[in-house]
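# Predicted model, plus sequence, below.
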Amino acid sequence: MASTGTTPVKFNRIKSSPLSAASPDIKVKRRELRFSMNRKYVIIPSSQFMRRYAPTVREKRNGRYNDILKTVPVAAGKESGMYQPLVDALNKTKICPSLTFAITAARGDPSDPSNEAVDIGLYPADRVPQSSPGPSGTTRSPPTDWSSVELCIECKTGSDSHDPFDDNDAESDPTTEQRKDVLGQILSYAEFILKRQQRTCIFMVLLIGDCCRLLRFDRAGAIVTEKFNYQTKGGDLIEFLWRYGRWDAATRGHDPTAEKIEPTSPLGKKMQARAQKDRDTDKPGDYVRRLFEESLDTRWSWWKLRVDDKSGARFFLVGKPNFQAPGVSGRGTRGYVALDANDINGPFYYLKDAWRVVNRNVDKEGTILQYLNKKGVPHIPTLECHGDVTEPAEQYTKTHKLWLDLHKGESETKVCPMKQHKHYRVVVKEVGQPMSKFIDGRRLLFALWCCILAHSEAYEAGVIHRDISAGNVLLYYDSATGQWFGLLNDWELSKCTEKARPEGRQLDRTGTWQFMSALALNDATKEITIEDELESFFHVLLFFAIRYLPHNCPNVGAFMYDYFDDYRSTTVPYSCGSYKLLCMMRGNLPLAPDPRRKDKSRNVLKFFCSKPNDDVTADSAIRPHPLNDILATVLGWLRAHYALATEGDGQSNTAHSTTCYTDPTPLSTGDLVFTKRKATAVGAPAPPAIIQLTPTEEERAKLEAVAKNLRTHTAILDLLESALRSAEWPATDKTADQLPKEGYNPRADPKQPSSHLPKGGSMHMNASGAGPSRKRSSDEIDEPAAHEQPKRTRPQTRMSTRKTRSRNARQA
């Protein structure tokens, strides 16, 4: 049940995201799944569950099968002893005709490196996993198949010690490690199915000793039955399985607007032929065809997806998604390189499938793109078609509705912790590739210049993006000009700047943890402004530079973990890690002191035109990179901005010009084509200032002069464009990825925590978290890493960016 008062804004901090430096860890993945599902369960009696979510079938059971599970052993202490008797009882009685139960506990899906496996799965008769020959004449157990499993059954022996739910308090989190582990397991299985299949919901059975719970997951949360004994009072479990085996695919939770395509079918062969058509790996634009070819992974399902546009239904062919947001609840965004089913030999498109939040104040992404396209905003996707899934029926989540039904008349004291979601698809013309594919540092900076320009023109048109991240800036090859440009993607979290609201539009903080401003991370109710967005662009630039350009940082994994992933966990909600905050406050990027360096200025991060010598005393002979001046200048602006903000009076000037966007006539500089910008009266960027934590009035005026460079886009666009036009850029400065392939494990690094904080540089902040044992990619990518401590009021600190009264009045 919901607690009284307002629901706290939550962060989505997913370390298992591709944007995290941390190494893969199943325990952390499951912990973060638990956190993201906090307070998103509704527990009801099994009889009510059956009435609302398990529709009856025409064929009557007539009391059969009631006793078939009485002989399943539950007290032997080993859950594996339950598997075979349970499967035999269910299969021999054919309780689910045309479907077969299979034991898959010993082996995970071969296409997934995690090797996670569910105990028992229900499969279509023609897709039942089979044993296979193993090494040295052994036999390998049947594997879990997440692409085909219909229903998961997880078995545990202890009815209390392994029960992750409390019938008396649906909102309480499990407290023992065993109960936490079980909850993490079932959430992980639900996530696998939602990723691999096209689902509106999924069902699951949890057996805990001689007791049972039925579960139904959708993108809003989970509906769970109260615990009941399935051996003495097993009617509801038997009846559920009986009905499930006779439901059509849509009732079992499959999306009827998604048609599975077999690779050997005529349509599948056409997709494979199109992937080879016009193959020319020497052409820059061939990356789009290559991405589609890579998506045709036969270990994943291929689909024909329907998009219900206002002009009529259209159908697109897709393979494996090249992007998937993690988690069970949330938008569940998946991105595909797609073909128009009616024009297979035509152009490629990019299709995004998501469960958007139903909120009258949140526009559809396609609607936003259509508006910005009409305004002539450059370097953003061009809308092809979009629409909610409407045929044969609109697809909404149901968990939110059940919570409201159970709490009628309590709206003044309780806020629903869940959102309602609706299935939605949008298709755009451009297919970008990751920014990490940039050729050299100059082209990286130019691509980001394009994205900042897009952000600027969108803001002038009245829209602020609000989710600047490394995953949302792409490289796009324009065949018309033969040039690479930056593409600012993912506008689903954007907001109209004219719609100022005293309360937030959603319960959860939107944004990507690694790239949000330190002020936004420290204040969950902060309205996102231009300053926050430009700081996010700075973080994105640093993210790619530290990984792919030469520098003097000896441990890239530790740096990235401290700067991008770290957090302080002594407050709720989570707040910005100490190192990132320190960099913003000091206006530089300090490294751990190295006594071998004669030049102590080398104790800050510096980039070079070529790889420095391993001898740190000799790196001064290498030519500094032009990027250093850019980073130093922006850090100076940020330092001034933070000095004012931490005084509590650094209010952002969010007013923007009404000047119309001018004709984007290309201006060529060498091999770069700059889109023409509108004229501005704002002066050149101010240099970094020497800042005191408690400035005088004279110093405050100087700070204001410096910080104003972040209140519009003009200064940073001028700064980048000037550097791109005049600086001497190295032609071959890109290196191999310097982040270890296996990721970074802070627990294995003796320098942790805070390996990059110089002595005395902690600013007397609360201790940094090393991150839970470890997983946007999210969605909203969306919520901080799981924290198991009881909730408590966050103490006020001088890092608050607004006074308490105004801060409590606003939400992002």
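Right, received. Where do you want to start?

# From the chain's centroid, how far away is the lengthiest strand in the chain?
Criterion DSSP state E: the longest strand present in the chain is strand 348-357. Per Cα atoms, centre = their mean, to the nearest Å, the displacement of strand 348-357 from the mean C-alpha position of its chain is 14 Å.

# Parallel or antiparallel, list what pairs with it.
According to DSSP bridges, strand 348-357 forms sheet pairs with strand 334-340 (antiparallel), strand 421-428 (antiparallel).

# if we compare the ones you listed, which one ends up closest to Lys741?
Among those, the nearest to Lys741 by Cβ to Cβ is strand 334-340 (23.5 Å). C-beta here means a position set from N, CA and C on the backbone, and glycine is covered the same way.

# Let me know whether Trp484 touches Leu474 as I believe.
No: checked against Cβ atoms under 8 Å, the pair Trp484 and Leu474 is beyond contact range at 10.5 Å.

# other SSEs contacting the next helix or strand after the longest strand of the chain?
Per DSSP states H and E, strand 348-357 leads on to helix 365-374 as the next helix or strand towards the C-terminus. Secondary-structure packing of helix 365-374 (3 or more Cβ pairs under 8 Å, 6 or more residues apart in numbering; DSSP states H and E): strand 348-357, strand 383-388, strand 421-428, strand 463-464.

# Dump those to TSV, plus distance to Glu191, mean pLDDT and mean neighbour count.
Listed next are the helices and strands packed on helix 365-374 as TSV, based on distance: least, Cβ to Cβ, whole Å; pLDDT from 0 to 100; neighbours: other Cβ atoms under 10 Å:
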stretch	distance to Glu191	mean pLDDT	mean neighbour count
strand 348-357	14	97	24
strand 383-388	24	98	20
strand 421-428	16	98	24
strand 463-464	31	96	22
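
# so which of those comes closest to Ala707?
Among these, strand 463-464 sits nearest to Ala707 (Cβ to Cβ), with 18.8 Å.

# Listing partners with orientation, what would you give for the closest one?
Strand 463-464 is paired, per DSSP bridges, with strand 495-496 (antiparallel).

# quick revisit: need the helices and strands packed on helix 365-374 in TSV with distance to Gly235, can you?
Shown next, in TSV, are those (distance: least, Cβ to Cβ, whole Å):
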stretch	distance to Gly235
strand 348-357	34
strand 383-388	38
strand 421-428	33
strand 463-464	55
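
# Can you tell me which of the ones you listed is nearest to Gly332?
strand 348-357 (5.2 Å).

# What residues of stretch 400-413 count as buried?
Neighbour-count burial for stretch 400-413, counted by 16 or more other Cβ atoms under 10 Å, picks out 400-403, 407.

# quick one: which of the residues you listed sit in helices?
400-403 (DSSP state H).

# Out of those residues, flag the one nearest to Leu605.
His400 (45.6 Å).

# which regions of the stretch 351-500 of the chain lie under the pLDDT threshold?
411-412, 499-500 (pLDDT under 70).

# what's the answer for the stretch 201-350 of the chain, then?
Low-confidence regions of the stretch 201-350 of the chain, defined here as pLDDT under 70, do not occur.

# which stretches of it form helices?
Using DSSP state H, counting those that start in this stretch, the helices found in the stretch 201-350 of the chain span residues 235-244, 266-276, 287-295.

# want to throw those helices into CSV with distance to Asn709 and mean neighbour count?
Below are the helices of the stretch 201-350 of the chain laid out as CSV (distance: least, Cβ to Cβ, whole Å; neighbours: other Cβ atoms under 10 Å):
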stretch, distance to Asn709, mean neighbour count
helix 235-244, 61, 20
helix 266-276, 47, 15
helix 287-295, 36, 18
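
# could I get those as JSON lines with distance to Arg107?
Below are these laid out as JSON lines (distance: least, Cβ to Cβ, whole Å):
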{"stretch": "helix 235-244", "distance to Arg107": "24"}
{"stretch": "helix 266-276", "distance to Arg107": "27"}
{"stretch": "helix 287-295", "distance to Arg107": "26"}
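
# which stretch among these comes nearest Trp355?
helix 287-295 (21.3 Å).

# now that closest one, how far from the chain's geometric center?
Counting by Cα atoms, centre = their mean, helix 287-295 comes out at 22 Å from the chain centroid.

# again with stretch 301-309
22 Å.

# again, but for stretch 580-592
26 Å.

# Look at it and report the distance between its end residues.
Length of stretch 580-592, first residue to last, Cα to Cα, to the nearest Å: 14 Å.

# Ok, stretch 430-444 next?
End-to-end for stretch 430-444, by Cα to Cα: 19 Å.

# what comes up buried for that stretch?
Buried residues in stretch 430-444, counting neighbours by 16+ other Cβ under 10 Å, are found at 430-433, 435, 437-438, 440-444.

# Using CSV, please lay out those residues together with distance to Gly557 and secondary structure.
Output for the buried residues of stretch 430-444, formatted as CSV (distance: Cβ to Cβ, whole Å; DSSP: H, G, I helix; E, B strand; the rest coil):
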residue, distance to Gly557, secondary structure
Glu430, 33, coil
Val431, 31, coil
Gly432, 27, coil
Gln433, 24, strand
Met435, 20, helix
Lys437, 21, helix
Phe438, 21, coil
Asp440, 23, coil
Gly441, 21, helix
Arg442, 26, helix
Arg443, 25, helix
Leu444, 21, helix
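
# in terms of contact, does Ile468 touch Glu531 like I think?
No: the criterion here is Cβ under 8 Å, and Ile468 misses it with Glu531 at 12.0 Å.

# can you give me phi and psi for Tyr548?
Main-chain dihedrals, Tyr548, degrees, to the nearest 10: phi -120, psi 0.
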